[in-house]
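# compute the structure for the input listed below.
(2 chains)
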2 protein chains.
Amino acid sequence: MNQMNFRAPSVADVRIVDDFWSPRQVATRMATVPVFYERCREAGILDHIDPDIAVKPRLALNGVHGQTAQRFWDSDVGKLVEMAGYVLVGARDPELEAKIDALVDKLGRMQQPDGYLNSWFTYQEKGKRWTNLRDDHELYSAGHLIEGAVAYFEATGKRKLLDIMCRYVDHIATVFGTGPGQKRGYCGHEEIELALVRLYHVTGKRKHLELARYFIDERGRQPHYFDEEARARDVDPAKYYFGSYEYGQAHIPVREQNKVVGHAVRAMYLYSGMADIAAEYGDLSLKAACDRLWDDLMRKRLYVTGGLGPSARNEGFTSDYDLPNETAYAETCAAVGLVFWANRMLRIDLDRRYGDAMEVALFNGALGGVSLDGSLFYYENPLASRGAHLRWKWHRCPCCPPNIGRLIASLGRYAYGVAADALAVHLYVGSDLRCTLSGTNVRIAQQTRYPWDGAVSIEVEPETPTSFGLHLRIPGWCKAPSLRVNGQQIDLGSVEKGYVRIEREWKKGDRVELDLPMIVERIHAHPDIREDAGRVALKRGPLVYCAEACDNAQPVYAMTLPADASLAPNFDAQLLGGVVTLRAEAMADAVGEASGSLYRFAPPPRQKAELRAIPYYAWGHRAPGAMQVWLRGD
Amino acid sequence: MNQMNFRAPSVADVRIVDDFWSPRQVATRMATVPVFYERCREAGILDHIDPDIAVKPRLALNGVHGQTAQRFWDSDVGKLVEMAGYVLVGARDPELEAKIDALVDKLGRMQQPDGYLNSWFTYQEKGKRWTNLRDDHELYSAGHLIEGAVAYFEATGKRKLLDIMCRYVDHIATVFGTGPGQKRGYCGHEEIELALVRLYHVTGKRKHLELARYFIDERGRQPHYFDEEARARDVDPAKYYFGSYEYGQAHIPVREQNKVVGHAVRAMYLYSGMADIAAEYGDLSLKAACDRLWDDLMRKRLYVTGGLGPSARNEGFTSDYDLPNETAYAETCAAVGLVFWANRMLRIDLDRRYGDAMEVALFNGALGGVSLDGSLFYYENPLASRGAHLRWKWHRCPCCPPNIGRLIASLGRYAYGVAADALAVHLYVGSDLRCTLSGTNVRIAQQTRYPWDGAVSIEVEPETPTSFGLHLRIPGWCKAPSLRVNGQQIDLGSVEKGYVRIEREWKKGDRVELDLPMIVERIHAHPDIREDAGRVALKRGPLVYCAEACDNAQPVYAMTLPADASLAPNFDAQLLGGVVTLRAEAMADAVGEASGSLYRFAPPPRQKAELRAIPYYAWGHRAPGAMQVWLRGD
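Next comes the predicted model:
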C-alpha cells in the first residue's frame, strides 16, 4: 500500500477560474439547483418530509408522469442539499439558504426521539422500518442526507443538519453491527458507506468510520441477511425479482468479488466505499479486491465514453464485451459513480489509469447527462440514436440531475489530491487551490484551455519556500508530452505509473508548464465487442466525439471513414458554447434515391462526403436526429 | 385488365412428387397436423367449441404459458380443419377424419338457430356479438372456418361443415350490408373477404362473392364504422390502443390506399381479398390500388427474406426502409400472407415480379417458420440473432403453425395457374398436374431438383393433341436462362413481363426443358436501409443464405466478406435434410484475446477465415448460437 494518502481537498479550497468548467458551474447554480428544487417541490418530495402536511403525496405531478411517492425520496432531498451546499461555497445566497434551512427544519422535526429519520417509514409505512434493507433504500437515503449535511456544513458552517445526521447515525449504529441483539444488515443500495467516511472526515469521530467498515465487511456474508429478513417478512427469498444478489453486489463477501456485476450505480458506490476503507485502514485485501474489480471493468465492461451498465433491465452489467450502442443504458449516475470510485483509487494508488478513466467518464459519460444550460437531462446515455432519444425535464426516479450537478459543483475536489508533503494534479482545470504542504500554506494557480488545448501552466506560491512533491498526471492518450519548470525542460522518460513527480524546494513565482499535445485519434474496440466490429470512434484528448445528423449532409450510418482520412480539428466559438469540432473526408453511400429496387446485385455508389463530429457531451442540443459514436471505418 | 384469369388448381389436382417439398409435406402430415391438434386440445381450444363442456377453459396449459381463452380460438379450429383437409387429399386417414368429423359435429351443435357460430360470444360473452368488430376477430374467425370447410369438402366430399358455414354466411349477410337496418361493418382483422371468394369457387353462389365485395368496398369509409360501434359501447374511439385505424388498414377506403401499413398479416389478407375481387369483377380501380400497394411493399418495406412487418408493437409496418435485422418481427404468417397475395396477383397479371416475390417469401420468410421435422416453430423471423431466438412448441397466439402448415400442404395450388386455354407455371416443383385446357384433359409432369439446381423438365400430355399456351416464369435472379421444346432451342430475348409463352399444338410426349443456372449472388440493400449499410447478403436461386455460429470457427459478426471472395456452393446430402451450403474465403478480426485493453489505437489484426453459410430456412436446428443474414462486406 502506497503510504501517501492523497485526499480530495474540500470544495471551499478550490476555486475554478476561467475554465471549461466555469460556465458549467454557473449553469449548475443558475439552472440545475433551482430547477431541481422546483421539480422536487412539484413532485411532492419536499412535502413528504414536512411533519405539518398530514396527507402525504402519493400521486404528484398529476397527469404528467403519474408519479407516486417513492421510498428513496429522502435521498433526493439529501442530494439537493448537497448540491446547494457546493454552490453556496462559491457564492452565498440568502434566498437559497433560506430554502435549504427550511428543509433542514422539517428534517429536524421529522426526526424521531430515537434519532430515526426516514419519511417513508414515518408517514407511509410506519412500523416497517428496517424490515427490507434489500429493497427499501433506507440506509441509502440516510447516506445521501449525510453527504448533504457534510456539504452544507462545509459551505455555511451551519451545524444543524450535521447534528441531526450524527444523531441518526448513532441510532443506526445501535441497530446494526455484530454485537448482541444487533441486526447484521446492510443496504441493498450502497451509498451510506462512502457517506460515513465523508462524515468522519468532518467529525473526526472514529465511530463513523467504524460503521462504514462494518457495512463493507458484512456485505454478502452467510447466512445471508437478505434471505433472513425476507423470511422474517414471510417472503420466499428465492422469489427475489432480480434473481441474484449480484444485483446489489451482495452475492459474496466483497473481498471475494472479482467481476463488476449488477446495478451499475450501486457497484460504483460500493467500490468507492471499499477504496475509502482500504485507504483509511491500509487494508490490502480490500485494495486487492478493488484492483481486480477495476481491471474487470476496464478490460471488459466499459463503454469508450466512460459509460457503464449496458442493460435497462437491471440498470447494470450483463456479460463481458456486451456493449451495445443504441440500447446502452449507461446511466448518468453510473458514470458519475465511476468518477467517485476512480478518485478514491487515486487516494491510495497514484496511477494514471485511475486518472485517465476518471477524466473520460467525467468529460463524456457523465457530462453528457446534463444540457449545457443545466436544465435538461439524460438518464440513459446511448452511443447511438435514431433521433428519438431526447433530453428530459423530469424522471420518476430523479437521481441523475443532482448527481451530475453535485459533481460539477464540487469539481475542484476531483482535480487535486493533497497529501502531507505532496500534491497530485489529477485533472487540468483552470483553478486556484489553497492547501497546506509540508506545513506551509501553498497556493496553486492553474491556467489552461483544456480540453481544447493541452497547454497547462501551474504557478506554485508557497508562503515561504518549502519542499514538497508535485505529481502531474501525464494522460495515457498523450504521445508527446513535454514539461518545463521555470523554463527548464524536464525529462519524462521514466515517469512512474503515469504521474511525473517534481520534488524540489518551491518558492513564490515558480512556474510549471506542461504541454499535452492533442491529436485526433481513431479508436478501435476490442474485437469481442460485437457492435463495434468494423467501426472506429474518434477521440481528441479526453473527449470522445460523435456525429449528429444536423451537422452532416449525409446520414451518418451511410458514411465510412477510410483508414487514411485526415481528421481536422477546428475550434468553433459560436457552436454549443464553444467546441472543437472535427472534419474528415469520408465516403458516403448514395442514399435518398427517389426510386430503385430494395435489393440489388451491385453495391450502392459511393461519393466523397465531409463527416463532421462534435464532442459527445454536447450532443442532443439541436434539431433531434440520429447520432453515432462508432462510425463505419476501414 | 388481362383477360386471362389464372386460377389456382385445387389441391386434389396437383400431386407433389419426388421434390424438395415432398419431405416437407410428409412432415406436415406426420408432425404439424397431429402436433397442432394435440396442442389445441391441451390449450382448451377444442373444448371451447364443445356444447357439452359447460365450463369453458379460461386458463389452459396451466403453469406453462398461463394462457387464457382467446377470442380468436375458433380461427385455430378453422385452420386445423383446413390443414387436415389438404393432408387428407394425398392420403385419406380414417383416424384423422374421425377427429375432424367430431369437431364438425361440435360446431354444428354450437351453431345458433339463426346460423350464428362463434364460441366466444356463445359461451364467454353471450349477448355481445357484433359489438366490437374492430377488436374481436368475429368475422376473421368465420373466415378461417369457411376456408376449413372448403378444404375439408374438397378433400373428403363431406358437406356438413360446408353447409354449416353457408348457413352462417347467410346469417352474416343479413346482419351486414348497405340495406335498411343492416350494419355497415367489416372485420378489424381481414380474412373473411378472401375466404368468401374461396367459398364462391366451391358453391358457385354469387351472393358469397357479393358479400366479399361488400366487405372490401365498405372498409375505411366515413362515417367510420369503428367510431360508431365504439360510441355505441360507450367507449371513446380516440382511445384506440393502436392509435390509428391504419393498424387494420381501415383508415381510408381501400381504393385510396397506397402505403402498406399496420398489422402485416391483416394487410396481406386484405390485399389478397382485393386482388380476388379485382379478378372476379375485372375491377380496374382495385387492381390499381393493389399495384400501388405492391410497389410500396417491394420498394420500401420488405426484408430480403420476403419477411415483412418489422415491429413487434403493431406486429407490422413502421416507416420506409425501417428494416432492422435483430429485432425484426417478420411474423411467419405475414410471409405466408405475402405468398397468398402474390399468388392472387398472378391471377390477374402474369408478371414475374409477383412470382419472384412469392418464391422468395415461400422459400425463406415462410419456410423458416417451421422446423424441418414440422414440429417446432418461429413466430418472429429475425435476420440476425445472438443465439437466444429458439424454435418453440407453442405460443399463446398459435396462428403460425397452421398457417405455414396449410401453405405447405396445399403447395401445388401455388405452383400453377390454370386459365381456359393457357397454363402458367409459377413455381418449379416436381409435380403431376391434371387440368383442362382448351376443353381437353391435360396432364403436366414436372421434374426438377429445384431449388438446388435450376434444370426443369416438363412433360405435356394432353388426351388428344390440343392448342394452348404454356407460360413459364423466368425468375428475375436468373441471368442466363435457356429453353428447349422437344430439343429445340427457344429464343428468350423478348419475354414479356418475365413469363415466356409457348403457344402450340401440344401432343403426348412433348417435353419442355428449362434451364435456370444458379450462381451465388452478393445482394446489396437500398442505401436507405440503415441496418444493412456496408453489408451483403448471399443468395443462390430463390434461397437467401445465413451464417450460423455452429458452422463457423470465428464469430460471424467478426467476419468480413471481401468484394472478390469466391463463393463456392456445395450440396451436402447429410446436412439439414440435404442442402447446398456456401463457402467463402473471408477475413476475420482476431477475437477471443485472453487480455488486452478494451480500446486501442490500432484496428484488430485480421486473418483469413472460411465463412460457411446455409439456407436461411434451415437455421435454428442445431446448437443455439448467433446467426446473421447480412454480413459485413466491402
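# which residues does the worst-scoring helix or strand of chain A on mean pLDDT contact?
None of the helices or strands of chain A scores lower by mean pLDDT, DSSP states H and E than helix A:33-43, at a mean of 92. Residues from elsewhere that reach helix A:33-43 (C-beta atoms under 8 Å, 6 or more residues apart in numbering or on different chains): A:46-47, A:57, A:60-61, A:67, A:76-77, A:80, A:83-84, A:87, A:96, A:99, A:374-375, A:393-394, A:398, A:401-402, A:405. C-beta coordinates here come from the backbone N, C-alpha and C atoms, glycine included.
# and A:Leu96, what element?
In this assignment (DSSP states H and E), A:Leu96 forms part of helix A:94-110.
# got it, and A:Pro402?
helix A:400-409.
# can I get that helix as CSV, trimmed to CA atoms?
The C-alpha trace of helix A:400-409 is given here as CSV (Å, rounded to 0.1, in the frame of the first residue of the first chain):
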residue,chain,number,x,y,z
CYS,A,400,-29.3,11.9,-12.2
PRO,A,401,-29.8,15.7,-12.2
PRO,A,402,-28.5,16.2,-8.7
ASN,A,403,-25.8,13.6,-9.2
ILE,A,404,-24.2,15.3,-12.2
GLY,A,405,-25.0,18.7,-10.6
ARG,A,406,-23.1,17.9,-7.3
LEU,A,407,-20.2,16.5,-9.3
ILE,A,408,-19.9,19.7,-11.4
ALA,A,409,-20.4,22.0,-8.4
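# can you list the residues of the stretch 501-634 of chain A near chain B?
A:521-530, A:533-534, A:536-537, A:555, A:557-558, A:560, A:563, A:589-593, A:595-604, A:632-633 (C-beta under 8 Å from any C-beta of the partner chain).
# out of the residues you listed, which end up buried?
Using 16 or more other C-beta atoms under 10 Å in any protein chain shown as the burial test, those include A:521-530, A:533-534, A:536-537, A:555, A:557-558, A:560, A:589, A:591, A:598-599, A:603-604, A:632-633 as buried.
# so which of those belong to strands?
Among these, the residues falling in strands (DSSP state E) are A:Glu521, A:Arg522, A:Ile523, A:His524, A:Ala525, A:Val536, A:Ala537, A:Thr560, A:Asp589, A:Tyr599, A:Arg632, A:Gly633.
# Three-state assignment for the spatially closest residue to A:Leu286 that is not a sequence neighbour, please.
Of all residues not flanking A:Leu286 in the chain, A:Ala278 sits nearest, at 4.0 Å (C-beta to C-beta, 6 or more residues apart in numbering or on different chains). With DSSP: H, G, I helix; E, B strand; the rest coil as the basis, A:Ala278 sits in helix.
# A:Ala278: what's it in contact with?
By C-beta under 8 Å, 6+ apart, the neighbours of A:Ala278 are A:Met1, A:Leu284, A:Leu286, A:Lys287, A:Cys290, A:Ile348.
# and what of A:Asp76?
A:Cys40, A:Ile45, A:His144, A:Pro398, A:Cys399, A:Pro402.
# and of those residues, the nearest to chain B?
Taking C-beta to the nearest C-beta as the measure, chain B lies nearest A:Cys399 of those, at 26.5 Å.
# give me the distance between the most centrally placed residue in chain A and chain B.
Centroid-nearest residue in chain A, with C-alpha atoms, centre = their mean: A:Val336, separated by 1.1 Å. Applying C-beta to the nearest C-beta, to the nearest Å, the value for A:Val336 to chain B is 20 Å.
# and that residue, what does it touch?
A:Met268, A:Ala361, A:Ala366, A:Gly369, A:Asn403, A:Ile404, A:Leu407.
# that one: what secondary structure?
A:Val336 - assigned by three-state DSSP - is helix.
# and A:Trp294, which of the three is it?
Quick answer, by three-state DSSP: A:Trp294 is helix.
# report the contact partners of the closest residue to it other than its chain neighbours.
Sequence neighbours aside, A:Met345 is the residue nearest to A:Trp294 in space, at 6.7 Å (criterion: C-beta to C-beta, 6+ apart). Taking C-beta under 8 Å, 6+ apart, we find A:Met345 in contact with A:Ala275, A:Cys290, A:Trp294, A:Asp351, A:Tyr354.
# closest one to B:Gly127 out of these, please.
Using C-beta to C-beta, A:Trp294 is the member of the contacts of A:Met345 that lies nearest B:Gly127, at 67.6 Å.
# any idea how many residues pack against that closest one?
21 (other C-beta atoms under 10 Å in any protein chain shown).
# then the one 10 residues further on?
Using other C-beta under 10 Å, A:Val304 has 24 other residues around it.
# wait, it sits on A:Cys546?
No: in this structure A:Val304 lies outside contact range of A:Cys546 using C-beta atoms under 8 Å: 10.5 Å.
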